[in-house]
Structure formats: C-alpha cells, structure tokens
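Undergrad: Coordinates for the following, if possible.
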Amino acid sequence: MKFPFSSCKLFNKNSFTSNDNSSRESLTERTRSTIGFERPKLRNLNDTADKASIDSKDHAAVDRHPTLTSISLCTTQDASDALREHDTNAMRLRRPSLTSLSSSRSVAEKCPFRHGTVYADPYPGYVHGNPKRGICPNGCRPVMTLDVTELESPREMLLREAVEFIQLYYHERNDEMQGTDGFLPCEERISAIKESIYATGTYVHTFDELQHGARVAWRNAPKCSNRKYWQQLKLLDQRMATSNKEIFDGCIEHLSKAMSSGVTEAYITVFQPATPGKELVGSYIWNDQLLQYAAYGNGDCHIGDPKNLRFTEMLKERFGWDGPPDGVKGEHDYLPLIVQAQGAEPELFELPQECARPVQIHHPRYPELTSLNMQWYPVPVVCALDLTVGGILYTAAPFNGWYATTEVLRDLTDECRFNMLIPVAKALGMETDSKPGEAPLWKDEVMHILSSAIYHSFKSAKIAIIDHHTLIDLFWTWYREEMQTRKYCPVNWKWVIPPMSSSTNRAYLGLSKAQEYTLKPAYLVGASPFQLEIKHFGKRDTSQAMDKLMKCVWLAIVFKKLVNRTRERKQPVAIVYASVTGNAAKYASDLGAILRSSCNVSFVDACGANAAEDILEGFPLIEVATLVIFVTSTQGNGELPSLARKFFSILFDKNGIILRGKHCAVLGFGSSSYPIFCGAASELSKMLAKVDAKEVVPRGLCDSVKGEGPTFYNWTTNLIMQLASMNGASRLMIKLSSDMKDSISSSLVKVRSMVNRVKVEVFAAKEVETSAAMSFMTKRSGSMGTISRRRSSLDTNGRRTSMDSFGSDSSVDGTISASIERIIQIISSSSTHTSNEEILEGLVKSREDIISSVAWAEGSEETTRKTSVVKIDLQSCGNEQIPRSELAVSWPLLSKSLNSLMSLEYFFEKHVALESPISMQACLDLSEIATSQKDRAVLKGFGNNNIVYENMCSMTGLKWINLFDTFPSLSKQVTINFLICYMKPNHARSYSIASCKEIVGSELHVVVGSTHVTRHVQ
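TA: Numbers count the residues shown, from 1 in each chain. The predicted structure is shown next:
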C-alpha cells in the first residue's frame, strides 16, 4: 500500500554530514520561512567562560543519555524550526554531540506514516522490542522528552505539537468534515492556531478536533487491549465549566450517560485545560476514578478497599470526611469526589449511591457465593490520566470504557485489594491447606468459578462486560490490521496479555516482540491526589505523632505478647452426641467442623459404649473441656435414645460434679408430628440444671418436619456469638464470630463436593445373571478355561442359562464383556461378605427379580428398569481418603451403600428414607438442574426463605417420594450421586405394622421383635 507523502520530516543519524554545513543552514532557513515566525534571539555566547560552561553542561547531558548518539527525531517540516531554534553554530555549542549523528545522507527523508514525534517516556520504552529497530518501516525511533525540551522553549513545543496534530487530524478527518460549517482548510487552520499562540500563548480546539484527539489518544495507549473501539469514543464537552459545582455536575452527567446505555458506550468528559507555560494550572479531580470504595482502619485490620486507605485518611484529615452521611461504615461505601476548578479551592462532594448501583456477584450454580456479599461498581471512569492533544493539556478528563472480567477478578482476589480468594474457596467447600508436595491448584479453580460469576452477574444486571478470551482475540485481530494499514502500533505486552489463560491465544507469542513508546495525542499519568494535597495544603507534620508513638511502642509490644499467649490458645470443647439414625451425629460433626478453627474439639459417643469402664473413658474429655455441647435425637415418646440412657445415668448421677459450674449447651433433634417434641433435649436441660451447669444459650430444637438446617444454622450462630462476647474469649473465637458466614457456608455446602466424588456403576440385570452363572462355574471348575468348554452346563429353575443365551454380554467364542469382568471383579474383591459363596448366594437367592424372573426372560423393559444393579464407590479425586467413621457420621446413606451390589428397587425400598423432607440446601441445588422456569423459581424460593420452606413442609411435607410429581421438570435430571448425598438413610424402628386391612379388617398387628433360627444339616 502506498501512502501520500506529507511535510513530515525525519531527522535521523544520516541526515547531516559533519562537512555539510551549507545543507544544514539552508534547511534551517527553509523551515523558518515555512513556519512563519522570526528567528529568536540567541543568548550572548561571546564570553569564553559561558561557552565552556555550556559545552560542559551539554556534554554531561549527553553522558546521562547515551542513546542520544543513535536516536532520531521524527517531526513535521513546519515544526522543524522549533527543533532548530538556533543556527548551526549555536546548535554546535548547545549540543556538540549532535554533530556526531552525521553520516552519509545530507537531506531529510520524508516519513509517510504521520505519527509525529516519537517519545520514549513516560512509558519504560522498549519493553519487549529491539531498541535498535524503528517503530515504523521508515526507521523512526523515540527520543526522551527531556532531550526535546532542551532544544525547545514551551511555546516552540506547543507550536510543534499543534502542527503535528492538526496535520494528522486533517489527514484522517478532512474528507468527512468537508462542507461542515466553520471547517477551514488545513493551512488556514494552522495559521489561525499560530496567531492565537502568539497572541495568547494558547489556542482552542474545535469540538471535532478535541473528540478526534481523545480518540487517537486511546488508539495510541500502549497498555489498553480494548482499543478496537477507539473510533466510538464520544466527547462530553464541559470546557465551559468554571466552578467546582459545575465540574461535579459534569461528572454526574457522565455517570448518568454511561449507566443509561448499560455501559456499552465509551465517553470522555473534558473540562477546562491547563494554561500552557512552565507552571501548568488546570482543573483537577483528585480521585483516581469517579467510582471507588473507601477503606477504614489501621494496619492489617480494615474494611473496604485497602488501595484507598491512604486517600480515605487524607479525606478525614484535610476535609473532615469520616464515612457516609448516615454514619454507617461498610465495605462498599463510595468515596466522595474532591473537585478543584482552575484557580479555586478544592471542595468535597458526596456521590449519591443511586448514580451507579453496584453489581452483586452471584452464580446460579454456586448459590453460596451470594452469602459473601461481593459486589463491584458497574463502570470504570478513570480520572488519574491527563489528556494531551496538540500541545494542550487537559488535567480533568474522566473517561470510561467497560470492564473485562479479569479486571474485576483481580480487584476482588489480589492480596493488596479485597483478598477474597480464600473466603470464596471456603464457601465452595474447597481445602485451601496444601500438604507438603501438593500443588495449590485450588486457586485456579476458584479463579475460574469467580470469573464466571463476575461475567454472569454483570450480564444479569444488564451491564456490559467482556471476557478476557474475547478481549485478547479482538485486540489481536485489530493489532494486525493496524500494522498492515497504519504500519505502527505501540503495545505493552505485559499489560495487554490477560493475567488468566495467557498462553491460550495467538497474541501471547505474536506480541512478544511488540514495542512500547509514546505518541501524542496521549493519556499520560497526571498529578496524584497526594501531590495535589502537598501542593495545596503542604506536607503533614508527623513529628509529634511519631514521638508519642515511639514512647508507647515498647510497652505495646510487651503487652501484646502477654495477651497473645492467653488469647491465642484454643478453647477445649467436648461434643457429646446421642444419635439413633445417625442424623444427630452428622450435625454434631458439622458443628465440630465449624468450631475446630478456634477450639480443640473432641467427640464423645453416648451410644457407643455399654460397659461402665467404656463409658468412663469419655469423662476425662468432658472434665477438661471449658464448654460441653450435648447433641441428642429423640426416641420413643420424647425420650433419650435407649442406648445412651446408661451413659447419661452414670454421668449425671455419679459424676455430676465434673459438670458443676461448667458452660454447657444443648441441641435437640425431633419431629413436631409427635406429641412430645424434642423431649430428650428438655430432659438434658433439666439434668444440667440439677448439677448447677450453665447453659450459655437457650437449647436448640431442630424439627425434621420443618427442616433442621435453618434451626441448626441460627442456633450455632447464636452460640458462637455468645462465646465471643464472654469475658476472656480468645481472639480465635472472636475471629470465628466475624467469619461465621464463611464457616457455616463451608460446612453446609460440602455436600456439593461430595457429589462429585461418588462413583456409581450401573449394570443391566442380564449382565449380573451372566456374572453369577460364570462365578458359580468358576467355583465348581476352578478355572475360566472350564467355563469356555462348558458353556451350556448350568441350568437354574428349569431355565437354560448357557453362555449362548446371554446375548451381547459375551461373544460367540465365549469371550467375556468388560461389564461382566467388572462384576466378577467386584464379587471377588468385596469385603462386605465373609466369602464369595455368601456373595453369590445373596445374589441368586435374594435377587429373584434378576435371576428367575419370567418377565425378564420375555424382555420386559419395566422389569429391566427395576432390576438394574448399581455399585456405589467413592473416588479420591486427588483428595485425601475420608475415614469410614467420618462417612458414617456425615454421610450415613453413602456409608451404608458403599461397596455392595444392589438393585435400584432394593436400594430405594430398603436403604432410602423416601418419606423424609427435602432440605433447603437440596432445594437450592435442585433449582439449578430443573428445566422448567416455574419449578426453578419455586425451588429457589424454598431454598432461600426459611418461612416459605417451613410453611411448605407443614402443608405437604415436601417429601422426596413426591419429588417428581411436584416438580415434573426434574424427571431424568437428578443423578443417583445427587440422591445418595442428599437423601437420608432408612433406619430400623422399634416396631412395624405387620397387618393388612383387606385380610384382618380393623385389627392392627405390630411386630416388636424377631427371632432368627438357623438349622444345620448334617
């Protein structure tokens, strides 16, 4: 592609030769006549001492910047005079080393790419590129701003940058602006600007010039990866605002515009520019962004965004701001704006919360994230950068784009910011304590989930956001187009490449040689709020405060050490549980998991020992504990579990002295459908009162009809809050009370991680019959070879069971399918029976629906469904093995079903308590897999609202057995893994109904015991 040549000149190291002074003189005169102003007066250089001083100074400047001998300066022809302020002799005196830049070429070459002067600062220069390579095909290379200012006065620099920008503007906008009222030809516009600069020292941009300059500055921003949309930036012109109130109103209008479009459009609001000269004085917005969260506290103890702690303290000291007007400080309080119009005093303005409602971070598949109350403001409006266009500096120019997911992700997870990585992991039930040799890969999983939650939350709030994959892909496409058409594009590789999944895109390697440099127009780092503070108020006097601090430091350190020795000790806690079905034991385990971070928890099973000496083994744990928690279920007519009565009798009657004056708590489980509700817990409270024990909180009564989870949550919260408020409470307990949401959430949702660890293998009935037959033959013949030779020798109940009748389960030549081999392997390795013979007899005799069913022989689909056989196992999934004792307490149904072959019909009839209510947590998780919007909404309502859930349980029971009738869209959506982890196990009763109304009429037959008789045949 060919580019039309302009008046752009390139002064490179080959531009002049040391002996070609005439060429240099003629070029200097030609450029002066072009720019149209007289040669400036030179300072008096007649004195030899002055010359020597100048030579020494300029040599030192060159020594400080050795790259000056090999750099070039790309500028326009009209601006050449500004860079050649003096004649050849004066230049030789001011910069004697410039003569060393001379080489073979004696005339300036034209650069067709119109990028203007290339600077190596304020950015760090060639981050990944080759410093000897030019930034465009013409070989233009950057110079330091300091080197340019040594050759130019402020007015000359303004003239040069103005001409460079106007020529670029007309090159890119001339065709579109032709015919517009007031649009002058390029040369006329340049002449008008020069006249304005000579007369007033500055000039004024037209609206379109300023808007295009702001857009080009975005295009030139090397650290931005969203530059594809640079032409869509819209200008909100507020240059007429001269008071603090008008500037603040302009900021509110900017936020209103951005929010009204759902942050799908980019805006920039430009206020009054700085006055050109040595001391630039303009309008300022002290904040780094229009929307930021405040921070309160000292040291490591704070709330809010730690990044803004210093700024918040400055607001308090200088402006008297100490939080929101209502006096309630929180983690997400918007900082007020500090606005300072040109020549005015800085003024504080409260930012109304409704101007930009924060986005609540949540995820439909991870409802536990909602409890963390994470949120972020919807639009980034940056105020910390100044806009320079054509030599004019706009010191108040807030602009916005839209967020990328990784930006919000880092704001929430960086250690120096909200540091939510570990709290999110705990809420998701992940283990964050990596053992030696283990990689902390949980961090990657948390980052992925949280990134998805951020994207989902912004989309749900109808606020624009872009994921990092799409962002870098769009940038890579745009960058390649720029390099093909415009031939230059500054890039900072470290900023453009996303911090997550960095190497998954072509830009990762494609931009590895990209170069960073500064082109103007540009966004440059402006004065920080603390620089503005010092400029306006002066430095803070901290001498007196430091003296007082040093006087107290030694005593404070000593006192802190003494306090920590006592307060950091873990409190010994004993949990005594009495459980009939394992439900109370499960909640006791959950309670211990919550308390373990601040207490040394020990468990005592009141039902686990019958002999007196075994019972006494648990008493020392109770005696040394400072808190004893009793967790009990109810049996019979509101009584203590029968197996625990002996334990409590010995504890309270003979050893009650160990409980005297001790802090205790009681948590009971029962059903409100019985006449006496949680009578066991009431009985324990009476026993504790008799031995003068103190209940620290009212006893908790968990109802299986209304749902036990909410009551357990509230009671546990009250218990921990009470313990933290007691005199002498450990700091660990106080911290636990503040982290209560994280701890409870982690305990309640650990079922989610267990679902992924359960492995269920399903085998058809035909495969099980084949395996049973082959196992019998193996036992009789002693080898698999015999099986192949005697394929038709087995006959059960008069029905042919040869290998030929097994269909697809085995091949014609007798080879065994993988499913059959797996079943045989399970049978041979099972540890739940004493011998293989017992396993096979159990399969054959008790599984008549599989082996002897005539319906199966006829191929009935219904019978096949009923007689499908499952094998339930637990995978490690990279985690440590869970002890069987812990499984029995926390996952009773799973523990009961492990490592055994059973039909689905037998599993649901014998193992599962189908009449038990669906828990609130199960309702929440079921809502995520329901396909109907109505079912999803109803289930979510049950999971989030205690009152709605309890009312539903009271009216219908909300039982598992009615799940698919009540919520039809869940059909074929719920896995066996899910049911095993959420449903409760069936358990033996002390009695059962044994009568049938059709046979015995109004009589009621009850079975209260059974006798097993074994006959040994000789």
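Undergrad: now Gly401, nearest residue through space, not along the chain?
TA: Ala266 (5.0 Å; CB to CB, 6 or more residues apart in numbering). In short, each C-beta sits where N, CA and C put it, glycine included.
Undergrad: got the contact list for the one you found?
TA: If you count contacts by CB atoms under 8 Å, 6 or more residues apart in numbering, Ala266 has them with 218, 229, 232-234, 399-402.
Undergrad: Just the buried residues of these.
TA: With neighbours counted by 16 or more other CB atoms under 10 Å, these contain buried members at 218, 233, 399-402.
Undergrad: Please report phi then psi for Thr632.
TA: phi -140, psi 150 (degrees, to the nearest 10).
Undergrad: again, but for Leu168
TA: phi -60, psi -40.
Undergrad: Just give the number of residues close to it.
TA: 23 (other CB atoms under 10 Å).
Undergrad: That one against Val216, yeah?
TA: Yes. Contact criterion CB atoms under 8 Å: Leu168 and Val216 qualify, at 7.1 Å.
Undergrad: re the thing from before, export the contacts of Ala266 as CSV, with columns for distance to Glu317.
TA: Below are the contacts of Ala266 laid out as CSV (distance: CB to CB, whole Å):
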residue, distance to Glu317
Trp218, 36
Tyr229, 41
Gln232, 41
Leu233, 37
Lys234, 38
Phe399, 30
Asn400, 30
Gly401, 33
Trp402, 35
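Undergrad: Restricted to helices, list those residues.
TA: Trp218 (DSSP state H).
Undergrad: Return the closest of the contacts of Ala266 with respect to His456.
TA: Nearest to His456 among those: Trp402, at 15.7 Å, using CB to CB.
Undergrad: Would you mind measuring from the nearest residue to that closest one once chain neighbours are set aside to Asn400?
TA: Sequence neighbours aside, Ala464 is the residue nearest to Trp402 in space, at 4.3 Å (criterion: CB to CB, 6+ apart). Going from Ala464 to Asn400 by CB to CB, to the nearest Å gives 10 Å.
Undergrad: number of nearby residues for the residue lying closest to Leu337 once chain neighbours are set aside?
TA: Distance criterion CB to CB, 6+ apart; nearest residue to Leu337, sequence neighbours excluded, is Phe349 at 4.8 Å. Other residues lying near Phe349 total 16 when counted by other CB under 10 Å.
Undergrad: who's in contact with Phe349?
TA: So Phe349 contacts 244, 248, 336-339 (CB under 8 Å, 6+ apart).
Undergrad: With pLDDT and distance to His469 as extra columns, can I get the contacts of Ala266 in CSV?
TA: Shown next, in CSV, are the contacts of Ala266 (pLDDT from 0 to 100; distance: CB to CB, whole Å):
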residue, pLDDT, distance to His469
Trp218, 97, 22
Tyr229, 96, 17
Gln232, 96, 22
Leu233, 97, 24
Lys234, 97, 27
Phe399, 97, 25
Asn400, 96, 22
Gly401, 95, 18
Trp402, 96, 16
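Undergrad: on that earlier part again, any idea which of the contacts of Phe349 has the most stuff around it?
TA: Val339 leads the contacts of Phe349 on contacts (other CB under 10 Å) with 27 neighbours.
Undergrad: Am I right that it sits in a helix?
TA: No. The assignment for Val339, made by DSSP: H, G, I helix; E, B strand; the rest coil, is strand rather than a helix.
Undergrad: could you list every residue that touches it?
TA: With contact taken as CB under 8 Å, 6+ apart, Val339 is in contact with 244, 247-248, 251, 283-286, 346-347, 349.
Undergrad: Sort out for me which of those are in helices.
TA: Going by DSSP H, the helices hold 244, 247-248, 251 from the contacts of Val339.
Undergrad: just those residues now: which is nearest Arg540?
TA: Asn244 (23.5 Å).
Undergrad: From Tyr267, how far off is the closest one?
TA: For Asn244, the distance to Tyr267 equals 21 Å [CB to CB].
Undergrad: about what we covered before: would you format the ones in helices among the contacts of Val339 as a markdown table with pLDDT and distance to Pro222 included?
TA: Output for the ones in helices among the contacts of Val339, formatted as a markdown table (pLDDT from 0 to 100; distance: CB to CB, whole Å):
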| residue | pLDDT | distance to Pro222 |
| --- | --- | --- |
| Asn244 | 96 | 34 |
| Ile247 | 97 | 29 |
| Phe248 | 97 | 32 |
| Cys251 | 97 | 27 |
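Undergrad: distance of the residue lying closest to Tyr455 once chain neighbours are set aside from Phe458?
TA: When the adjacent residues along the chain are set aside, Tyr455 lies closest to Thr405, with 5.1 Å between them (CB to CB, 6+ apart). The spacing between Thr405 and Phe458, counted by CB to CB, is 8 Å.
Undergrad: Overlap of the contact sets of those two?
TA: Ile465.
Undergrad: dump the residue contacts of the closest residue in space to Val573 that isn't next to it in sequence.
TA: Spatially, and ignoring its direct neighbours in sequence, Val573 is nearest to Cys599 (4.3 Å; CB to CB, 6+ apart). Residues near Cys599 by CB under 8 Å, 6+ apart: 570-573, 627, 732-733.
Undergrad: again, 10 Å this time
TA: Contact analysis of Cys599 by CB atoms under 10 Å, 6 or more residues apart in numbering lists 570-575, 592, 625-627, 720, 723, 730, 732-733, 736.
Undergrad: what is it paired to in the beta sheet?
TA: Cys599 has these beta-bridge partners by DSSP bridges: Gln571.
Undergrad: pLDDT wise, what is it at?
TA: Confidence at Cys599, expressed as pLDDT, is 84.
Undergrad: Distance of it relative to Val328?
TA: Distance, Cys599 to Val328, by CB to CB: 32 Å.
Undergrad: cool, Gly670 as well?
TA: Distance, Gly670 to Val328, by CB to CB: 41 Å.
Undergrad: Settle it for me: which of the two has more neighbours?
TA: Taking neighbours as other CB under 10 Å, Gly670 and Val328 compare with Gly670 leading, 25 against 8.
Undergrad: Confirm for me that the more buried one is in contact with Leu701.
TA: Yes. Judged on CB atoms under 10 Å, Gly670 makes contact with Leu701 at a distance of 7.1 Å.
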